[in-house]
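Sequence and predicted model, in that order:
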Amino acid sequence: MVMSGVECNFTWATMSRLMKEYRAIRAQKEVALRPSGGESGAGADGDGEDSLRAWTATLEGPADSPYAGASFALDLEVPATYPLAPPVARFRPRAMPHVNVNYETGEICLDILKGEWSPVYNLLYVVQAVQRLLREPNPDSPLNLELGVIMREGDLAAYRGLIRYYIQQQ
Amino acid sequence: MLECPICMDTISLYDLHKKPSETDYDIVGELVPCHHKFHSECIRQWHTVAPDLKCPVCRTLSISMTVTYDSNTGFERKIQVHLKKGFLVDAVLQYEGMMLPAQHPSRVNDLVEHPEEMEIPSETGINVGLASDFRSILTVAANERVESESEEDVLALSPEPDIGDDLMCKICGDDEEIPADTRCPSCDFRYHESCLHSTACEVGEGDTWQQCIECRTLVTHINKIRGRSTEIPVHQPRSVPRQPRTAPELSSQQIAKILDSKTKIQKHVRNQLRKYYNSSDVVQITKEEFLTINRTVSRSLYALSDNEYNKNIDYDTHAKRAISVALHKLGYMTT
């Protein structure tokens, strides 16, 4: 199997921390967050390193939001310099209609994933923050201009309708 | 149990009552003013990439950091790192790192350079051994005088430094490219002048860079002339008018007070140490060993409270612990 040129050289410190996070994540039930390649390890070498590089969370739409009843995949990619650098979190392309998500790419605008990142945050915290973003969209930094405009105009019915429309498209 | 919020590993804190051999203590960085603790290395790595000096836990802006480490004398030591004065992170990490490896240079030079200390310890002899420390205090206060004095001292008393043996800089650990060109006449540690400079700056004591980081004695240059090595003081007499000194002049009262404090502190050390000298116990140390251990342990104790006698400090326990470390290094088995 050819690795697509992806450099993955976790330091011992990063690996050690990821293993601790992995155990903590497995021990909890609230957030569905798993290594993308499954529990057994995605790496062909089975050394476990590659398997902790990419993670996938399944977010359930909050009951009191337009996302109720739907579920969304959130992909996390852990950089080599983690936890000094934040993980890259994104939804799948054309899957998440949200004011702070670029609909085409799935890119998320969230302060803690950028300048407000702190090394004391962890993968679980990031997923929970994105989950909160579903309930509390922030119209001040829209990546989805269409939804941003409707939201700022305060047309709640149109806002909910548009999101439901997008979700049903899938 | 304390956990470092960055690496999520346990922070092993210094514990006076644990045997020194039991645990490797972590170098701990505590941010001021918020008091959040991290492994020093973890927080300093974050500082190299962080956009600001806010605490990663509470976002309080940090002004300085108290670094606590277990020096190889078996003591907890603290240095204050002023975070806004620059980011010589490498220097500090190395400064901390070099405290850990067991570097125990011979202390023979101590005895050769201060023959007046070679007296049999007794109750009345508490003040012996203070001479060198007393001088280093005077040094800060009266630079000019000591310059000429120390030059004479060094030329007259110090043996030829053993060039080629252990020229490693105690700060950066390197001797490959540039040999360590300064030396502490007291503990025989070698330093690069530039390393002393940057370390002093990083810990916010830039004007004390000529001092040995271990015992604060003024360092001297090692010059190799015609195959024969000589040592000259690092600070040459200046022909230009002197800048106003930053170090305060010490009055005779202050000096007397410091002497008094040191005498009190040293009494604790000697009381603890005498058990190994005068007793018929398993461990029997020689007079030279008594003096050497007394000197190094006492110096460490002075540093605990900045040369002042502090009633709240448990000097006996500190002394006991450091003595047991010192004995251990000399190959004695203590229980």
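The structure has been received and is ready for your questions. Residues are numbered from 1 along each chain as shown, chains lettered A, B, ... in the order given.

only C-alpha atoms for contact and neighbour calcs from this point on.
Fine.

so when I look at A:Arg164, I'm seeing a helix, right?
Yes - applying DSSP: H, G, I helix; E, B strand; the rest coil, one finds A:Arg164 inside a helix.

and the gap between it and A:Glu60?
Distance, A:Arg164 to A:Glu60, using CA to CA, to the nearest Å: 14 Å.

partners of A:Phe91 in the sheet?
As for beta bridges, A:Phe91 partners with A:Leu74 under DSSP bridges.

That one and A:Cys109 touch, don't they?
No - A:Phe91 lies out of contact with A:Cys109 (CA atoms under 8 Å); the separation is 11.2 Å.

quick one, which of these two is more surrounded?
A:Phe91 (23 against 20; other CA atoms under 10 Å in any protein chain shown).

circling back to that earlier point, overlap in contacts of A:Phe91 and A:Cys109?
Taking CA atoms under 8 Å, 6 or more residues apart in numbering or on different chains as the contact rule, A:Phe91 and A:Cys109 both touch A:Val101.

Strands of chain A, start to end?
Under the criterion DSSP state E, chain A contains strands at A:32-35, A:54-60, A:71-77, A:88-91.

which helices and strands does the second one pack with?
I take that to be strand A:54-60. Packing partners of strand A:54-60 (3 or more CA pairs under 8 Å, 6 or more residues apart in numbering or on different chains; DSSP states H and E): strand A:32-35, strand A:71-77.

Can you lay out those as TSV showing mean neighbour count and mean pLDDT?
Formatted as TSV, these follow (neighbours: other CA atoms under 10 Å in any protein chain shown; pLDDT from 0 to 100):
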stretch	mean neighbour count	mean pLDDT
strand A:32-35	20	91
strand A:71-77	19	95
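
Let me have these in a markdown table, extended by distance to B:Ser251.
Formatted as a markdown table, those follow (distance: least, CA to CA, whole Å):
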| stretch | distance to B:Ser251 |
| --- | --- |
| strand A:32-35 | 68 |
| strand A:71-77 | 64 |
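
Which one of the ones you listed lies nearest to A:Lys114?
strand A:71-77 (14.0 Å; CA to CA).

same for that closest one, what does it pack against?
strand A:54-60, strand A:88-91.

what's next to the shortest one, contact-wise?
Strand A:88-91 is contacted by residues A:72-79, A:101, A:105-108, A:113 when judged by CA under 8 Å, 6+ apart.

can you pull out the helices in chain A?
A:12-27, A:123-135, A:145-153, A:156-169 (DSSP state H).

Let's have the ones you listed in JSON lines, adding distance to chain B.
Formatted as JSON lines, those follow (distance: least, CA to the nearest CA, whole Å):
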{"stretch": "helix A:12-27", "distance to chain B": "6"}
{"stretch": "helix A:123-135", "distance to chain B": "13"}
{"stretch": "helix A:145-153", "distance to chain B": "29"}
{"stretch": "helix A:156-169", "distance to chain B": "35"}
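
need the ones you listed in TSV with mean neighbour count, can you?
Conversion of the helices of chain A to TSV gives the following (neighbours: other CA atoms under 10 Å in any protein chain shown):
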stretch	mean neighbour count
helix A:12-27	15
helix A:123-135	18
helix A:145-153	17
helix A:156-169	14
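
need these in CSV with distance to B:Asp9 and mean pLDDT, can you?
As requested, the helices of chain A are exported to CSV (distance: least, CA to CA, whole Å; pLDDT from 0 to 100):
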stretch, distance to B:Asp9, mean pLDDT
helix A:12-27, 8, 91
helix A:123-135, 16, 95
helix A:145-153, 42, 90
helix A:156-169, 42, 91
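
B:Gln272: which of those is closest?
helix A:12-27 (42.2 Å).

now the angle from the closest one to helix A:123-135?
For helix A:12-27 against helix A:123-135, the angle by axes from the mean of the first three to the mean of the last three CA atoms, to 10 degrees is 60 degrees.

near chain A, which residues of the stretch 1-150 of chain B?
Proximity of the stretch 1-150 of chain B to chain A, by CA under 8 Å from any CA of the partner chain, involves residues B:Pro5, B:Ile6, B:Cys7, B:Met8, B:Asp9, B:Gln45, B:Trp46, B:Val49, B:Pro51, B:Pro56, B:Val57.

The closest residue to B:Asp26 other than its chain neighbours - how many residues pack around it?
Distances taken as CA to CA, 6 or more residues apart in numbering or on different chains put B:Ser12 closest to B:Asp26, at 5.2 Å, once the chain neighbours are dropped. B:Ser12 sits with 17 neighbouring residues when counted by other CA under 10 Å.

Then A:Gly38?
12.

Distance of it relative to A:Trp55?
Taken as CA to CA, the span from A:Gly38 to A:Trp55 is 9 Å.

domains in chain B, as residue ranges please.
B:2-97, B:145-233, B:251-329 (automatic domain parsing).

which stretch in those is the model least sure about?
Confidence, taken as mean pLDDT, is least for domain B:145-233 of these (a mean of 60).

circling back: out of the helices and strands packed on strand A:71-77, which one sits most buried?
Comparing the helices and strands packed on strand A:71-77 by mean neighbour count (mean count of other CA atoms under 10 Å in any protein chain shown), strand A:88-91 ranks first with a mean of 21.

So what's the gap between that one and the chain middle?
4 Å (CA atoms, centre = their mean, to the nearest Å).

Helices of chain B, start to end?
Under DSSP H, chain B gives helices at B:40-49, B:89-97, B:108-113, B:131-141, B:143-157, B:193-202, B:252-277, B:287-304, B:315-329.

wait, doesn't B:Ile27 sit right on B:Cys42?
No - with contacts counted by CA under 8 Å, B:Ile27 stays clear of B:Cys42, the gap being 10.0 Å.

what about the two, which has more around it?
B:Ile27 (27 against 18).

ok, and the closest non-adjacent residue to that one?
Per CA to CA, 6+ apart, closest to B:Ile27 is B:Tyr69, 4.7 Å.

Would you check how far apart that neighbour and B:Glu308 are?
21 Å.

Look at those two and report which has more neighbours.
B:Tyr69 (24 against 18).

how far away is the more buried one from chain A?
Look at B:Tyr69 and chain A: by CA to the nearest CA, to the nearest Å, they are 21 Å apart.

give me the residue from the stretch 51-200 of chain B nearest chain A.
Closest residue of the stretch 51-200 of chain B to chain A, CA to the nearest CA: B:Pro56 (5.2 Å).

and that residue, how many neighbours does it have?
23.

hang on, the earlier thing: need the helices of chain A in a markdown table with distance to B:Lys267, can you?
Output for the helices of chain A, formatted as a markdown table (distance: least, CA to CA, whole Å):
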| stretch | distance to B:Lys267 |
| --- | --- |
| helix A:12-27 | 46 |
| helix A:123-135 | 55 |
| helix A:145-153 | 76 |
| helix A:156-169 | 80 |
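
Now A:Tyr82. Nearest residue, chain neighbours left out?
A:Thr14 (6.1 Å).

cool, A:Leu52 as well?
A:Pro35 (5.9 Å).

I figured the one you found hits A:Ser51, correct?
Yes - here A:Pro35 reaches A:Ser51: they are 6.1 Å apart, a contact under CA under 8 Å.

number of nearby residues for A:Gln170?
Neighbours around A:Gln170, by other CA under 10 Å: 7.

One more: A:Leu84?
24.

Excluding sequence neighbours, find me the nearest residue to it.
Nearest non-adjacent residue to A:Leu84 (CA to CA, 6+ apart): A:Pro119, at 5.4 Å.

OK, contacts around the one you found?
By CA under 8 Å, 6+ apart, the contact list for A:Pro119 reads A:Tyr82, A:Pro83, A:Leu84, A:Ala85, A:Pro86, B:Pro5, B:Ile6, B:Trp46, B:Pro56.

please redo it, this time with the cut-off set to 6 Å
By CA atoms under 6 Å, 6 or more residues apart in numbering or on different chains, A:Pro119 lies in contact with A:Pro83, A:Leu84, B:Ile6.
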